[in-house]
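build me a model:
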Amino acid sequence: MKRKFPESELIINNDGSCFHLHLRPEQLADKVILVGDPGRVNTVANHFDTKECEVSSREFHTITGTYKGKRITVQSTGIGCDNIDIVVNELDSLANIDYQTREEREEHRTLTLVRIGTCGGLQPFTPTGTFVASVKSIGFDGLLNFYGGRNNVCDLKMEEAFKQHMNWNPLLGAPYVAQADEELIDRIAQDDMVRGYTIACGGFYGPQGRQLRIPLADPTQNEKVEAFEYDGRKICNFEMESSALAGLSSLLGHKAMTCCMVIANRYAQKMNTEYKNSIDTLIEKVLDRI
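Just a heads-up that it's a prediction; the model follows:
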């Protein structure tokens, strides 16, 4: 029997679009590039050969068009895993729920989701300007813990090793380790991106070990993070969305990964505030490879 989703669960606007993104099913391509900044949607879409539609609602800005014969949607998410929860669930609903009947479609439609972002590097080998592909993401946000089946898509052994290494404070909630799609990592990262682990933080300041006027609960957090190693890889960077993207996509049957350009190196205490010009190189690589 097909599942049917009530109005309170699947909220559809009067124009037939999903609640937050304001997209209609026919406006979504199978290949999706996700960016945090709504302004970066135009930066990506400027490379398109044609533009089919453009929609804006709050921090969610969408353009669907074509690039070298490929139909692509570029979608902004805003900042944080909570926004990824909205974006991934609504994109999946557009692909796999019939908006006329509110029933799950019989044939699953798989989306390819690549997030292009910025991050803080944590290792000497990730200076500013480095492109990092997140093979696995450690979620400090706790989002995936609200979903059934999270253990089936997470690296439970790595979770335990990380908690022991960090002497994890249970007040923070359980971290989870979500895995990017292996085929997509190979296709996008190739030989010119650093492959490593990423931490997706629930904030920009305290959760990433930045201290302004409020003291940190654990002033040694970043030192411990930088020292962690598992299966021959280290944690390369901090950002704020990759764990939710990888985890939710795995649960929903989509292919997803995150690649970021390092704009700050926490190890060297260096920051590049003029990164907007150089991130275009990463955008072109992803467009060519997606």
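
buried residues in stretch 52-66?
Within stretch 52-66, the residues scored as buried using 16 or more other CB atoms under 10 Å are V55, S57, E59, F60, H61, T62, I63, T64, G65. All C-beta spots, glycine's among them, are computed from the backbone N, C-alpha and C.

could you do stretch 224-239 as well?
V225, E226, F228, Y230, K234, I235, C236, N237, F238, E239.

so how far is G16 from the first one?
The spacing between V225 and G16, counted by CB to CB, to the nearest Å, is 45 Å.

now do the last one
Per CB to CB, E239 is found 34 Å from G16.

kindly report the same for N169.
Using CB to CB, N169 is found at 46 Å from G16.

show me where the stretch 51-200 of the chain has its strands.
Taking DSSP state E, counting those that start in this stretch, the strands of the stretch 51-200 of the chain run over residues 60-67, 70-76, 97-98, 103-104, 112-121, 131-139, 176-179, 194-200.

how about CSV for these, with mean pLDDT and distance to R187 added?
As requested, the strands of the stretch 51-200 of the chain are exported to CSV (pLDDT from 0 to 100; distance: least, CB to CB, whole Å):
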stretch, mean pLDDT, distance to R187
strand 60-67, 98, 16
strand 70-76, 98, 13
strand 97-98, 98, 28
strand 103-104, 97, 29
strand 112-121, 96, 9
strand 131-139, 98, 10
strand 176-179, 98, 16
strand 194-200, 97, 13
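
to E90, which of those strands lies closest?
In this view, the strands of the stretch 51-200 of the chain are compared for proximity to E90 by CB to CB, and strand 60-67 is the closest at 8.9 Å.

where does the protein have low pLDDT?
Within the chain, the segments meeting pLDDT under 70 span 266-277.

rewinding a little: and the buried residues of stretch 52-66, which is closest to G121?
For the buried residues of stretch 52-66, the nearest to G121 is E59 (25.6 Å; CB to CB).

return the distance of the nearest residue to Q27 once chain neighbours are set aside relative to D37.
Distances taken as CB to CB, 6 or more residues apart in numbering place C53 nearest to Q27, at 5.1 Å, with adjacent residues excluded. Distance, C53 to D37, by CB to CB: 20 Å.

now D15
When distance is defined by CB to CB, D15 is 26 Å away from D37.

which of those two has more neighbours?
D37 (18 against 7; other CB atoms under 10 Å).

look up how far R195 lies from that one.
From D37 over to R195 (counting by CB to CB), the distance is 24 Å.

what sits against E59?
Neighbouring residues of E59 by CB atoms under 8 Å, 6 or more residues apart in numbering: P38, S76, T77, G78, N83.

between these, which sits nearest L23?
S76 (12.0 Å).

residues in contact with the closest one?
By CB under 8 Å, 6+ apart, the residues touching S76 are L34, V35, G36, D37, P38, R40, V41, E59, F60, H61, T62.

leaving out sequence neighbours, find the closest residue to the fourth one.
The shortest distance from D37 to any residue that is not its chain neighbour, by CB to CB, 6+ apart, is 6.4 Å, and that residue is S76.

try C201
In space, C201 comes closest to P207 once its chain neighbours are excluded; the distance is 4.0 Å by CB to CB, 6+ apart.

what do you get for C236?
Closest to C236 by CB to CB, 6+ apart is G196, at 3.4 Å.

now do I86
Using CB to CB, 6+ apart, the closest residue to I86 is H20 (5.1 Å).

which SS state does R210 fall under?
Recorded secondary structure, R210: coil (DSSP: H, G, I helix; E, B strand; the rest coil).

you'd agree it is up against F204?
Yes - using CB atoms under 8 Å, R210 is in contact with F204, at 7.0 Å.

C260 should be in a strand, yeah?
Yes - C260 sits within a strand when classified using three-state DSSP.

okay, and the beta partners of T118?
In this entry, T118 is beta-bridged to M261, by DSSP bridges.

stretch 5-15: which residues count as buried?
Within stretch 5-15, judged by 16+ other CB under 10 Å, the buried ones are F5, L10, I12.

of all the residues you listed, which comes closest to T258?
The nearest member of those to T258, counting by CB to CB, is L10 at 26.7 Å.

from E160, how far off is that closest one?
36 Å.

still on that earlier bit, now, the buried residues of stretch 224-239 that are in strands?
Judged by DSSP state E, strands contain the following of these: Y230, K234, I235, C236, N237, F238, E239.

what residues are up against the last one?
The reference is to E239. Counting by CB under 8 Å, 6+ apart, E239 touches G117, T118, C119, G120, S134, T198, I199, A200, C201, T258, C260.
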